[in-house]
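> I'll drop the sequence and a predicted model, then ask my questions.
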Amino acid sequence: MGSKEKSSPKYLIEATFVIEGVVERHDVIGAIFGQTEGLFPKEFELRELQKSGKIGRIDITLKSEKDRTDGTIAAPSSLDRAETAIIAAAMESVDRVGPCAAKVSVVKISDVRVDKREQIMKRAKELMRGWVVTESQDIEKLLSEVSRADKKIHPVHYGRERLTATPDISKLKEIIVVEGRADVINLLKAGRTGVIALEGVKIPRTIINLVKRKEITAFLDGDRGGDLILKELLQVAKPAYVARAPWGKEVEELEPEEIEAALAARVPISEVEKPSEAARRAPAKRAPARRPPTKRAPARRAPAKRAPVAPPVDLGPVGGIASELEGTLEAVLLGSGWDELGRVPVGDLVEELRKREGVGTVVFDGIVTGRLVDAAAERGVGILVGERLGDGVRVPRKLTVRLFKDL
C-alpha cells in the first residue's frame, strides 16, 4: 500500500454554477464526483486524485432563491498545467445536480504560486527596509567609533602647574574642567576635546585664570569628593555651568553615552548656588542650639574616647612616603610588613584595591572618600592615609584614617 504524497497546490480552479432548483452543498459535490467518474483512467479520477493529495478539498458556496441555486466552486490542484486544465474542463461538463438542470462555467485557473510569491516579495521588502535602517544605524555608530579611534589625540601638560589637558585647550572658548587625568583621557576616548583637569582639591591658578577668559563647565564625579571640589570652585573660580556624573560614579568610569547625557543635563551656576547659600545660612541659625550639649559631661567624653586610639597605631615609614607623594596624585600600597606592593594613580585606587590581596596600608595624595573607605573596609585594609577627609565620610572602627597634616 503506497503512502499518500501530499504536495502544495500550484493552481486554483475557480468556477460558477447555476442550478434550476433548490439543492444542498453535498448534492453539488456528489454531482461533480459522480459525473466525472469513468471519463478517465482510474488514477485520474477526482476521488483518486484527492486520496493522493493532487486535488485538494473542493469548496462550494451557494445560495438558493426563487427556486434557483447559484454559487461558486474552488478546487486546488498540484497537477501540472495540462492535467489541471483537463480536470477543470471535466468539472465544466457537469450538467445536472440531482434532478435539476445545471450549468458549470470555469471562470479562471490561477497560479497560487504567483500570489504566494507576491506576498513573499512584499514581506521581503518590509524586512529589507527594516534591515537597511538598522544596518545604517549600526554603520553610523561604527564609523563614529572608528573616527574617534583614528584621531589618536593624546593629552598634554598645560599651565604653570602642568595640568593634564587636551591639546586644543588654549584655542577653544568653551572648555570642560574635570577632576583628574583619568577623566581627561576618558572624555578624549568619547570624542570630547577642550578638557582640562584640576588634579587636586586646591584650585590651581591656571584654572582661576581660565575662568576669567573662557566659558567653563565643571564636570565632576558623583560623590562627596565632587561636592567638595564644587564648594572650592564656588569660592575661588565660579564656572558657568556644572555637570555631574550619576551618583556613585566617577567621570572616568562613564560610557560615551553617559558622558553626553551628563553634559546635556548641565545646569547654570546660578541654580547651583541657591541651595548652597541656604545651606550656609541653616547652620548659623542652629548654632545656639548646639552650645548647651557641650556643657554636658557625655559630650566632653566623646572626643576623649577617640584620643587614646591615635598613639598606639604604628605608622612605620608612612610619614616619609606621604611627604614624597605630595602633589603627585599617586597612591602607594603597602603590605602588612610595610613592604611596597605597588603604585597606582589615585583615580585607579578603588579598582586596584578591589583586585589586590594582602594590602594593609594605603598612602595616597588625594581625598579620603566614602567610596574609598567602603572599598578599603571590604578588602581588609587597616590604615588609610590621605591628604584630606571628604565631607560626611564615616570611618568604620576597624579602619584607621590619618591625614597628611597629622603626620
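Right, received. Where do you want to start?

> Val23 belongs to a helix, doesn't it?
No. Under DSSP: H, G, I helix; E, B strand; the rest coil, Val23 sits outside any helix and is assigned coil.

> Show me where the stretch 101-250 of the chain has its strands.
Per DSSP state E, counting those that start in this stretch, the stretch 101-250 of the chain carries strands over the ranges 156-158, 163-165, 174-178, 195-197, 215-220, 241-244.

> Can you mark which positions in the first one are buried?
For strand 156-158, the neighbour count (16 or more other Cβ atoms under 10 Å) marks Tyr158 as buried. All C-beta spots, glycine's among them, are computed from the backbone N, C-alpha and C.

> Out of the strands of the stretch 101-250 of the chain, which is closest to Glu126?
strand 241-244 (42.2 Å; Cβ to Cβ).

> Could you list every helix and strand in contact with the closest one?
When contacts are defined as 3 or more Cβ pairs under 8 Å, 6 or more residues apart in numbering; DSSP states H and E, strand 241-244 packs onto strand 215-220, helix 256-264, strand 267-268, helix 269-295.

> ok, and what's touching it?
Contact with strand 241-244 is made by 176, 215-222, 226, 230, 262-263, 265-269, 272, as judged by Cβ atoms under 8 Å, 6 or more residues apart in numbering.

> Same check on stretch 322-329?
180-181, 199-200, 331-332, 345-347, 363-366, 385, 387, 404, 407.

> Same check on stretch 162-175?
For stretch 162-175, using Cβ under 8 Å, 6+ apart, the contacting residues are 153-159, 180-181, 184, 187-188, 193-199, 204, 206-207, 210, 214-217.

> and if we set it to 7 Å?
With Cβ atoms under 7 Å, 6 or more residues apart in numbering as the test, stretch 162-175 has contacts from 153, 155-158, 181, 184, 188, 193-197, 199, 204, 206, 210, 214-216.

> Equivalent analysis for stretch 331-340, please.
Here stretch 331-340 makes contact (Cβ under 7 Å, 6+ apart) with 316-317, 321, 325, 341-344, 346, 349, 356, 358-364.

> tell me which residues in the host helix or strand of Ile32 are buried?
Using DSSP states H and E, Ile32 falls within helix 25-36. By neighbour count on 16+ other Cβ under 10 Å, the buried set for helix 25-36 is 27-29, 31-32, 35-36.

> Just the C-alphas of that helix, formatted as CSV.
Output of helix 25-36 as CSV, limited to C-alpha atoms (Å, rounded to 0.1, in the frame of the first residue of the first chain):
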residue,chain,number,x,y,z
ARG,A,25,-23.8,21.6,-1.0
HIS,A,26,-23.3,17.8,-0.8
ASP,A,27,-25.6,17.5,-3.9
VAL,A,28,-23.2,19.6,-5.9
ILE,A,29,-20.1,17.7,-4.6
GLY,A,30,-21.7,14.4,-5.4
ALA,A,31,-22.6,15.6,-9.0
ILE,A,32,-19.0,16.7,-9.6
PHE,A,33,-17.5,13.4,-8.5
GLY,A,34,-20.2,11.2,-10.0
GLN,A,35,-20.4,12.8,-13.4
THR,A,36,-16.6,12.9,-13.9
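
> Could you name the helices and strands sitting against it?
On a contact count with 3 or more Cβ pairs under 7 Å, 6 or more residues apart in numbering; DSSP states H and E, helix 25-36 meets helix 46-51, strand 59-64, helix 81-92, strand 96-97.

> what's the closest of these to Lys10?
Closest among the helices and strands packed on helix 25-36, using Cβ to Cβ: helix 81-92, at 7.6 Å.

> Could you list the low-pLDDT ranges of the stretch 151-300 of the chain?
Along the stretch 151-300 of the chain, segments meeting pLDDT under 70 span 151-152, 274-300.
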